[in-house]
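K.L.:
quick one, what's the 3D model for this:
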Amino acid sequence: MQSKYLHYYQFFAWISVYTVIVGTIYFWRGLGQHEIYFATSLIGSAALYSYFIRYVFTRFIANHSIFLQISYFLAQSFIGAGFASLMLAATILLFSFFGLIPVIPNDSISFMVNSIFWGNWFNMLSALVFWSSAYLLFIKVRQLYATREALASSRLDALSQQLNPHFLFNTLNNIRASILEEPQKARDALAQLADMLRYTLEHHKDSKIALGKELVVVEEFIALCKIQYEDRLNFQANIQAGSEDALIPRMLLQLCAENAIKHGISQLKQGGLVSLNVWKENQKSLHIEMTNPVDSYINERNDTIDNSKLNPGIGLKNIKQRLAILYSKSKELTPSLQFSINDKIAKVVVVLPYEHCSSELLSSKKRSGENMQKTALR
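P.N.:
Just a heads-up that it's a prediction; the model follows:
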């Protein structure tokens, strides 16, 4: 796992180790003239070796078991500590050779290297073990985060692709029934159904989409439903100017409309009006309200119904789950979905953080929407 900040983290971590060791020497017995260079050699060698450890890990060890990964880091910490200590000893010998420090007699070199090696080896071993533990923890946390994101994406994708099979079968049957009697109507309906399916496939990876583009699909969905319900189904959309470019979860409007028709219009002999109202508040929140009449039997009990305990149905539960996933990181506004029934009218109100669709993305979506409308007219 990579992070663009990892190099900065590692640099400042080793600078901290360097500061602690040099500071300890300074306050303990004072810092010699050349000891700052010796400390640089020791810490710098350990730091460089840590990059080697990381490189080998990412190339060869990252996909193996956790046991092998831990064993690898421990072994490399031992080797890296030895490497840094040997580099320190080599630096001291070079300083002695060039006369920068008192010359070390040949018979004392072995004792010097031995005494310098083991004391500093333990210090660097501690530093490298700590670094290895922190790096391995960093990797596992990022893997866990990536797994959680992938799971959330999969759940969101599954929720977004839930197309009501009854709607599809009913639409195909209605089109088949009208092919001989009203061939042009059947042709238009097939074009609209193709547009809806194309929308589902083309925007498979788009978790959010411009409201204006979604509205085009909803109008085609309503047109297909009118084949079955005819004059019993009416639709009205009141969209505040400037709200068309707001980003909303894909399929949100269609699921709300489907819920209104399934649990409202289809239960009424006389049918009714599905009304959509959208408006912004202070450029911070987007309000989406959809209303529809409901069966009188439900409303006869309205005085005793606790709206907070109403079962919103599968479609609205789908929306709630998607809102929880899509806006889990939202800090300014927590999205909400409220479902209520009053005076024989069912109302769904969705409040979202207002997000503006970029002009370039919006223009491409508008062109796509125009293409869908042209297809429907053919």
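
K.L.:
so Glu289 is in contact with Cys256, correct?
P.N.:
No - here Glu289 does not reach Cys256: they are 9.3 Å apart, not a contact under Cβ atoms under 8 Å. For glycine as for every other residue, the C-beta is placed from the backbone atoms N, C-alpha and C.

K.L.:
okay, these two: which has more neighbours?
P.N.:
A direct count of neighbours by other Cβ atoms under 10 Å for Glu289 and Cys256 places Cys256 higher, at 23 against 17.

K.L.:
which of the helices or strands spans the more buried one?
P.N.:
helix 252-263 (DSSP states H and E).

K.L.:
and after that helix, which helix or strand comes next?
P.N.:
Counting by DSSP H and E, what follows helix 252-263 is strand 272-281.

K.L.:
what strands line up against that following strand, and which way round?
P.N.:
strand 233-239 (parallel), strand 285-293 (antiparallel) (DSSP bridges).

K.L.:
return the most buried member of these.
P.N.:
Among those, ranked by average contacts under mean count of other Cβ atoms under 10 Å, first place goes to strand 285-293 (a mean of 21).

K.L.:
name the SS class of Gln338, please.
P.N.:
Judged by DSSP: H, G, I helix; E, B strand; the rest coil, the three-state class of Gln338 is strand.

K.L.:
helices and strands of the protein: which one bottoms out on pLDDT?
P.N.:
Using mean pLDDT, DSSP states H and E, helix 359-377 stands out as the lowest-scoring helix or strand of the chain, at a mean of 45.

K.L.:
beta partners of Val274?
P.N.:
Phe235.

K.L.:
ok, it - contacts?
P.N.:
222, 233-236, 257, 260-261, 264-265, 290-292 (Cβ atoms under 8 Å, 6 or more residues apart in numbering).

K.L.:
repeat the analysis, applying 7 Å as the threshold.
P.N.:
Residues in contact with Val274 (Cβ atoms under 7 Å, 6 or more residues apart in numbering) are Phe235, Ala257, Ala260, Ile261, Ile265, Met290, Asn292.

K.L.:
Leu268 versus the last one, what's the distance?
P.N.:
When you say that, I think you mean Asn292. As defined by Cβ to Cβ, to the nearest Å, Asn292 lies at a distance of 9 Å from Leu268.

K.L.:
now Tyr145
P.N.:
Plainly put, Tyr145 is 49 Å away from Leu268 if you go by Cβ to Cβ.

K.L.:
these two - which one has more neighbours?
P.N.:
Just comparing Tyr145 and Leu268: by other Cβ under 10 Å the higher neighbour count belongs to Leu268, 17 against 11.

K.L.:
pLDDT score for the more buried one?
P.N.:
pLDDT for Leu268: 91.

K.L.:
same question, Asp231
P.N.:
In this model, Asp231 carries a pLDDT of 90.

K.L.:
what of the one 4 residues further on?
P.N.:
The predicted local confidence for Phe235 comes out at a pLDDT of 94.

K.L.:
what sits against Phe83?
P.N.:
Counted by Cβ under 7 Å, 6+ apart, Phe83 has contacts Ser45, Tyr49.
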